[in-house]
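Asks: just to be clear, the model below is a prediction. Sequence and coordinates:
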Amino acid sequence: MGKLQIGEFKRFSRRETTIFKMLITEHRSEEIAKALNLSEKTIGTYKFRLLAKTKSKTIIGLYLFSLRPDIEKFFV
């Protein structure tokens, strides 16, 4: 496995990667929870972690982060 941190950002876990990709493709928390057999509260926790890891304030910030040319480095 690679480093857990890339510059000032931490890598995403497998589950975070899955949820990140679903969030930036306009899936609602309810849809993600159903698809992954998790509670909406758990999805909210993952969303909070992703916002913190990417230093974003909103889902739009997550989307903008996804446009980075080195985005694949953040996925486990």
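Replies: Nice, thanks for sending it over.
Asks: and residue 53, how many residues sit next to it?
Replies: Taking other C-beta atoms under 10 Å as the criterion, the count of residues near residue 53 is 19. The way it works is simple: take the backbone N, C-alpha and C, and place the C-beta from them, glycine included.
Asks: quick check: it vs residue 37, distance?
Replies: In this structure, residue 53 and residue 37 are separated by 23 Å, where distance is defined by C-beta to C-beta, to the nearest Å.
Asks: repeat for residue 20
Replies: With distances defined as C-beta to C-beta, the gap from residue 20 to residue 37 amounts to 18 Å.
Asks: ok, those two, which is more surrounded?
Replies: Taking neighbours as other C-beta under 10 Å, residue 20 and residue 37 compare with residue 20 leading, 25 against 7.
Asks: residue 59 touches residue 20, doesn't it?
Replies: No: here residue 59 lies out of contact with residue 20, judged by C-beta atoms under 8 Å, at a distance of 10.3 Å.
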